[in-house]
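> I would like to see how this sequence folds:
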Amino acid sequence: VDYDGDGVLDADEPSVRTDADGSFSLATTQVAPIVVLTDATTIDNSTGNAIGAGIVLKAPAGASVVSPTTTLVANGASEAQVKAALGLSSSVDLNTFNPFAAGADATEALAYEKASVQIFATISAVASAAQGAGVNQAAAQAAAFSALASAVTSAATASTQIDLSDATTVSQVMASTGTSLSDQIDATAFQASSTQVAAAVSNTNTAVAALTSFTSTAAMQTIAVATTTLGEQVKAGVQGVVNNPGSTVQIGLSDANQVASTISSANLAPTDLALSASTILESAQSLVVATVAITDGNPSDSHTLTLGGADAALFTLSGTTLSLKSAPDYEVKASYTISITATDAGNKSYSESFTISVGDVNEAPVLAAPGSKSLTEDAQTSTVSGALSAADPEGASLSYELVNGTLASGSYTLTGTYGTLVLNGA
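The predicted structure follows:
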């Protein structure tokens, strides 16, 4: 919660890391805007891909959802203007609407998500161009969001909608961003890239606009290109011009003929891991625990599995086969905690923690006879004694039975060639 409105987390400002599904709970003592800052581990749940560190999203005080649309509101556009300019339903509350929530209207959710991805793609591309031209990420994103919020406000005021798949619209946002950052960037390189950046954003957002769902592999690949690949290409292209003045900006997505192939080849991160079993009996004849199954949006992807967690040293992974290094013993260790990370050929990964339980087996008691004794040969009388003891691995109480004999008066006597054995019941 940004008490002082500077977008920086201060010691007196409450903060929390979101859950895996993006949900969060914050207690605050002041009415103030909410700021979300991504890091290197932040995952886009719609694709499973990391979206990169340093992305800042904002929402007005009291919001329960933080998104690209609420960030436009936080940058000066009103909620009504954002909805009108982007063609969103007037019934949608941008500060509370969760398109992934159970029961969310499917039509409204799809329109909201497409608008959010298009905003993100536009901001990512324009800010990446500014970064490539020499400004830091925070300043680049702030300027891009401010420029887009201004364009949204102008469109709403004129009772028109803003089309983020229109290259002219993107060019206007680029120009406004460049003006606000003119004293911090290589203006020549930034301006030289404007046409190609606008074309790349237009082509990408056109593909996003054509989506009819967000659940297919093709849809996830489209989102991955819009939220990751586009910005990477733009930043590299502008940096190329900065490093080689006068050269031509190279941005693959600016060529409409390359968009489809870029999307179809987009690498998606693994999204789930599962074990075929999570229990091994302590009496198991094999040390193999389970087979690891990997879910990946790219079904033909290859993966490398690595072990982590508190008990990783006690296991081995051979391909997808998880095994213990030594036989388990329930009485010594009843469960193990490990994590498994699957990394695909494109170096995208997914990790999950698992608990492996050891199944208890009723093991036989162990009977310990007295230690070795010695007698003197040909002695008239020699007496040796000792105690029999037994222990149960599970700690159960034991009963004793004399095989082929009975205890009479609390003892059992057997006379043999070399003397008499006396067994006392006590």
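> what about dumping the CA coordinates of stretch 62-72 to CSV?
Presented in CSV, the C-alpha positions along stretch 62-72 are these (Å, rounded to 0.1, in the frame of the first residue of the first chain):
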residue,chain,number,x,y,z
GLY,A,62,-9.7,0.2,-2.0
ALA,A,63,-9.2,-1.9,-5.1
SER,A,64,-9.2,-5.7,-4.8
VAL,A,65,-7.8,-6.2,-8.3
VAL,A,66,-4.6,-4.7,-9.8
SER,A,67,-4.3,-4.8,-13.5
PRO,A,68,-3.2,-2.9,-16.6
THR,A,69,-6.7,-1.2,-16.7
THR,A,70,-6.5,-0.1,-13.1
THR,A,71,-3.0,1.2,-13.8
LEU,A,72,-4.5,3.5,-16.5
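> Now do the buried residues in it.
Within stretch 62-72, the residues that count as buried by 16 or more other CB atoms under 10 Å are 63, 65-72. Where you see a C-beta, it was placed from the backbone N, CA and C, and this is true even at glycine.
> Adding secondary structure and pLDDT, write those residues out as TSV.
Shown next, in TSV, are the buried residues of stretch 62-72 (DSSP: H, G, I helix; E, B strand; the rest coil; pLDDT from 0 to 100):
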residue	secondary structure	pLDDT
63	coil	91
65	coil	92
66	coil	93
67	coil	93
68	helix	95
69	helix	96
70	helix	95
71	helix	95
72	helix	96
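> Strands of the stretch 251-400 of the chain, start to end?
Along the stretch 251-400 of the chain, the stretches classed as strands by DSSP state E, counting those that start in this stretch are 270-275, 279-281, 288-296, 303-308, 315-318, 321-324, 335-344, 349-359, 366-368, 389-391.
> roughly how far out does the first one sit from the chain middle?
Relative to its parent chain, strand 270-275 has a centroid offset of 11 Å by CA atoms, centre = their mean, to the nearest Å.
> I figured residue 292 was touching residue 273, is that so?
Yes: applying CB atoms under 8 Å as the test, residue 292 and residue 273 come out as touching, 6.2 Å apart.
> Which residues are in contact with each of those two?
Residues touching both residue 292 and residue 273 (CB atoms under 8 Å, 6 or more residues apart in numbering): 340, 342.
> sorry, back to before: closest to residue 207 out of the buried residues of stretch 62-72?
Residue 207 lies nearest to residue 68 out of the buried residues of stretch 62-72, by CB to CB, at 17.3 Å.
> The nearest residue to the closest one once chain neighbours are set aside in helix, strand or coil?
Nearest residue to residue 68 in three dimensions, chain neighbours excluded: residue 119, at 3.8 Å (CB to CB, 6 or more residues apart in numbering). Using DSSP: H, G, I helix; E, B strand; the rest coil, the structure places residue 119 in helix.
> Run through the stretch 251-400 of the chain and note the low-pLDDT ranges.
Counting by pLDDT under 70, the stretch 251-400 of the chain has low-confidence residues at 369, 371-388, 394, 399-400.
> what about the nearest residue to residue 15 once chain neighbours are set aside, distance to residue 56?
Nearest residue to residue 15, sequence neighbours excluded (CB to CB, 6+ apart): residue 9, at 5.6 Å. According to CB to CB, to the nearest Å, residue 9 and residue 56 sit 11 Å apart.
> who touches both of the two?
35, 37.
> what number of residues lie near the closest residue in space to residue 10 that isn't next to it in sequence?
Leaving aside its chain neighbours, residue 10 sits nearest to residue 4 (6.7 Å; criterion: CB to CB, 6+ apart). Number of residues near residue 4 (other CB atoms under 10 Å) recorded here: 11.
> ok, now residue 359?
Residue 359 has 13 nearby residues by other CB under 10 Å.
> hmm, back to that, I'd like the strands of the stretch 251-400 of the chain as TSV, with distance to residue 219 appended.
Converted to TSV, the strands of the stretch 251-400 of the chain look like this (distance: least, CB to CB, whole Å):
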stretch	distance to residue 219
strand 270-275	14
strand 279-281	37
strand 288-296	15
strand 303-308	22
strand 315-318	32
strand 321-324	33
strand 335-344	19
strand 349-359	19
strand 366-368	62
strand 389-391	63
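> and of those, who's closest to residue 154?
Proximity to residue 154, assessed across the strands of the stretch 251-400 of the chain by CB to CB, is greatest for strand 270-275 (39.8 Å).
> And the closest one, what does it pack against?
When contacts are defined as 3 or more CB pairs under 8 Å, 6 or more residues apart in numbering; DSSP states H and E, strand 270-275 packs onto strand 288-296, strand 335-344, strand 349-359.
> Need those in JSON lines (columns: distance to residue 321).
Below are these laid out as JSON lines (distance: least, CB to CB, whole Å):
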{"stretch": "strand 288-296", "distance to residue 321": "6"}
{"stretch": "strand 335-344", "distance to residue 321": "12"}
{"stretch": "strand 349-359", "distance to residue 321": "14"}
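> What are the boundaries of the strands in the stretch 1-150 of the chain?
Under DSSP E, counting those that start in this stretch, the stretch 1-150 of the chain gives strands at 34-37, 43-44, 49-50, 56-59.
> would you list every one of the helices in this structure?
68-74, 79-86, 106-132, 137-157, 167-180, 187-209, 217-224, 230-243, 256-264 (DSSP state H).
> Kindly reformat these as JSON lines containing distance to residue 306.
Converted to JSON lines, the helices of the chain look like this (distance: least, CB to CB, whole Å):
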{"stretch": "helix 68-74", "distance to residue 306": "34"}
{"stretch": "helix 79-86", "distance to residue 306": "43"}
{"stretch": "helix 106-132", "distance to residue 306": "30"}
{"stretch": "helix 137-157", "distance to residue 306": "30"}
{"stretch": "helix 167-180", "distance to residue 306": "41"}
{"stretch": "helix 187-209", "distance to residue 306": "34"}
{"stretch": "helix 217-224", "distance to residue 306": "23"}
{"stretch": "helix 230-243", "distance to residue 306": "26"}
{"stretch": "helix 256-264", "distance to residue 306": "29"}
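> okay, how far is it across stretch 277-285, tip to tip?
15 Å (CA to CA, to the nearest Å).
> List the contacts of it.
So stretch 277-285 is contacted by 289-290, 324, 327-330, 354-361, 363 (CB under 8 Å, 6+ apart).
> Next up, the contacts around residue 51.
With CB under 8 Å, 6+ apart, residue 51 has these contacts: 38, 42-44, 227-228.
> need those residues in JSON lines with distance to residue 167, pLDDT and neighbour count, can you?
JSON lines is the format used below for the contacts of residue 51 (distance: CB to CB, whole Å; pLDDT from 0 to 100; neighbours: other CB atoms under 10 Å):
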{"residue": "38", "distance to residue 167": "28", "pLDDT": "89", "neighbour count": "16"}
{"residue": "42", "distance to residue 167": "30", "pLDDT": "84", "neighbour count": "18"}
{"residue": "43", "distance to residue 167": "31", "pLDDT": "81", "neighbour count": "16"}
{"residue": "44", "distance to residue 167": "25", "pLDDT": "81", "neighbour count": "20"}
{"residue": "227", "distance to residue 167": "20", "pLDDT": "93", "neighbour count": "23"}
{"residue": "228", "distance to residue 167": "21", "pLDDT": "92", "neighbour count": "20"}
